[in-house]
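# sequence and predicted structure, then a few things I'm wondering about:
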Amino acid sequence: MEYTDQQRAAFKDAYTKRFRKERAMLVLLFAVMVPFALTDDDRTVFGLSETVLGPIAIAAMVGGVIFSFRNWRCPACNKGLGRAFNPKRCRWCGIELRGSREARARTRVR
């Protein structure tokens, strides 16, 4: 399918929003998991035991996976983008998801 320039720009904007959401989710997941690496000998984090924090961490991981499956999709064809962190094109429909660095630099200068 052939898209207009306006549609292509809208797809790139939608992809940028999805990419930012994905990155924010990864940071939050990392923030939830770090305390487990920092547990002391009595296995507590901020005064909470492993038995309390374990289910919270598992729920956060499951929620992150579900969020990624729903969020990390091509805005044009709505198919999953796979494991690539920042793909330039959709592997299914071939739409360009992010512009070149030169185009982004021109946009910022204006």
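Structure received.

# can you tell me which helix in the chain is longest?
Taking DSSP state H as the criterion, the chain has its longest helix at helix 5-37.

# list the buried ones in it?
Using 16 or more other C-beta atoms under 10 Å as the test for burial, helix 5-37 gives 11-12, 15, 18-19, 22, 25, 29, 32. Any C-beta I mention is one placed from the backbone N, CA and C, and that applies to glycine too.

# would a markdown table of those with pLDDT and distance to residue 75 be doable?
Shown next, in a markdown table, are those (pLDDT from 0 to 100; distance: C-beta to C-beta, whole Å):
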| residue | pLDDT | distance to residue 75 |
| --- | --- | --- |
| 11 | 96 | 5 |
| 12 | 96 | 8 |
| 15 | 97 | 5 |
| 18 | 97 | 7 |
| 19 | 96 | 11 |
| 22 | 96 | 13 |
| 25 | 95 | 17 |
| 29 | 91 | 23 |
| 32 | 81 | 28 |
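
# widest-spaced pair of those?
11 and 32 (31.5 Å; C-beta to C-beta).

# related to what we said a few turns ago, from the contact counts, what lies against the longest helix of the chain?
helix 50-71 (3 or more C-beta pairs under 8 Å, 6 or more residues apart in numbering; DSSP states H and E).

# pLDDT weak spots in this protein?
39-43, 100-110 (pLDDT under 70).
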